[in-house]
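>>> Here is the input, now give the coordinates:
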Amino acid sequence: MDDEYAKLIRRMNPPRVVIDNDASEEATVIQVDSVNKHGILLEVVQVLTDMNLVITKAYISSDGGWFMDVFNVVDGDGNKIRDQEVINYITKRLESDASFVPSMRGTVGVMPSENHTSIELSGTDRPGLLSEVSAVLTDLHCNVVNAEIWTHNARAAAVVHVTDDSTGSAIEDPNRLSIIKELLCNVLKGNNDLKTAKMTLSAPGSTHRERRLHQIMFADRDYQRVERTELGKVVDKSSRPHVTVLDCIEKDYTVITMRSKDRPKLLFDTVCTLTDMQYVVFHGVVHTGRREAYQEYYIRHVDGLPMRSDAERERVIQCLEAAIERRASEGLELELCTDDRVGLLSDITRIFRENSLCIKRAEISTKGGKAKDIFYVTDVTGNPVNPQIIDSIRQQIGHSNLLVKNPNFSPKPPQETTMSFLFGNIFKSRTFQNLKSIRSYS
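Next up is the predicted model:
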């Protein structure tokens, strides 16, 4: 009954969106007012990030029954959003009351849809894993139409969309799907995988690919840090995110602050993790600079209570660190642009493997007969790749087909601060006398 009443209230009070290009000199300001519900912040952020908009600032407030957020956004080139068609589309998406963000509930496996079959994988990371998976799919007459692969903390996860290479349609035959699952599981298990690969059939349905990757890696407990001793590996601890959990006794919130290297979709990754862990952001602020992003959230669990135990606080810190690190652009960025064909991904990743490259992250996409793939690569020890090896690979693939993007730089280590950007004027001088520092990892 309560759920039906909440739906009625939302129908009577649809979201209101105002997009203003005059309020700020640097960015387009998007204000969203709506009836509050769990997950609405993630819905809004997902719409903006799916359009490849960069959120430079955000102010979040959702106390009581109303949700009021302000986002400063720019396009990928750092410019305001001036195209009226794009503005109208943003407004339409944000004012839609449809629950377009899928539920966290689900299992890892093979999901047929109308146009493709979605294969979700997880297992122990190792050099050449993507090459082996791609080779198996090619041998099974599966064409990869798009995919995303993440690696973090010795674990790997992927969401791969495939079609039958002869019909171009989704693969629905249960026997064939069973064979695909069995062979891919054998590849993913490896020789010493204490955590076996997880693959089970799921009911058909849509899934937001990046959210599923977070969920798959969370279920695989990649946030439990594994210290590995790799020969020649250079570890830069200064680039690690800095997450702090505080108790706000006066207002009965848990306060989370995060400092990390800024990058696209960072806000989505942290809000997605908090939402799927069943926390609600009541107030928050996000500021990004040239190299660093600062996020501060006042949260409670969905049951209305702040964090109560040290174990819960430590787990949240670990999970937020993992969420920030999973999509970090580790390694040299290579962009492949060429005509698409069956087996292309298998051939490209085989060349990478034969030249001792390790793929840390990959985004695979095809459209209109063209393939556009992005790979982040290191050598097998995790260090930068020898430029001579990259030149040799480009000669094999074609210099015009494989482009080397700008190498990543290492950010300066974040500096700690006890300044609150959000509630300084509300709590006055009493605020941080009542904030008890719990734990910090850097």
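>>> any weak-confidence spans in this structure?
Applying pLDDT under 70 to the chain flags residues 1-13, 97-114, 190-207, 226-238, 406-442.
>>> which stretches of it form helices?
2-12, 40-50, 84-95, 129-139, 174-189, 209-219, 266-276, 310-326, 344-354, 387-397, 424-427 (DSSP state H).
>>> Switch the ones you listed over to JSON lines; also include distance to residue 284.
C-betas here are computed from N, CA, C, even on glycine. Below are the helices of the chain laid out as JSON lines (distance: least, C-beta to C-beta, whole Å):
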{"stretch": "helix 2-12", "distance to residue 284": "22"}
{"stretch": "helix 40-50", "distance to residue 284": "8"}
{"stretch": "helix 84-95", "distance to residue 284": "18"}
{"stretch": "helix 129-139", "distance to residue 284": "36"}
{"stretch": "helix 174-189", "distance to residue 284": "37"}
{"stretch": "helix 209-219", "distance to residue 284": "19"}
{"stretch": "helix 266-276", "distance to residue 284": "9"}
{"stretch": "helix 310-326", "distance to residue 284": "13"}
{"stretch": "helix 344-354", "distance to residue 284": "39"}
{"stretch": "helix 387-397", "distance to residue 284": "41"}
{"stretch": "helix 424-427", "distance to residue 284": "14"}
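>>> Save these as a markdown table, and put in mean neighbour count too.
Converted to a markdown table, the helices of the chain look like this (neighbours: other C-beta atoms under 10 Å):
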| stretch | mean neighbour count |
| --- | --- |
| helix 2-12 | 10 |
| helix 40-50 | 22 |
| helix 84-95 | 14 |
| helix 129-139 | 21 |
| helix 174-189 | 15 |
| helix 209-219 | 21 |
| helix 266-276 | 24 |
| helix 310-326 | 20 |
| helix 344-354 | 20 |
| helix 387-397 | 14 |
| helix 424-427 | 12 |
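>>> Count the neighbours of the closest residue to residue 266 other than its chain neighbours for me.
Spatial nearest neighbour of residue 266, chain neighbours left out: residue 293 (5.5 Å); criterion: C-beta to C-beta, 6 or more residues apart in numbering. Residue 293 is flanked by 22 other residues according to other C-beta atoms under 10 Å.
>>> How about the contacts made by residue 293?
Contacts for residue 293 (C-beta atoms under 8 Å, 6 or more residues apart in numbering) come out as 258, 259, 260, 261, 262, 263, 266, 286, 287.
>>> how close does it sit to residue 279?
19 Å (C-beta to C-beta, to the nearest Å).
>>> Can you name the residues bridging to residue 243?
residue 258, residue 441 (DSSP bridges).
>>> go on, the one 10 residues further on?
Here residue 253 shows beta-bridge partners residue 248, assigned using DSSP bridges.
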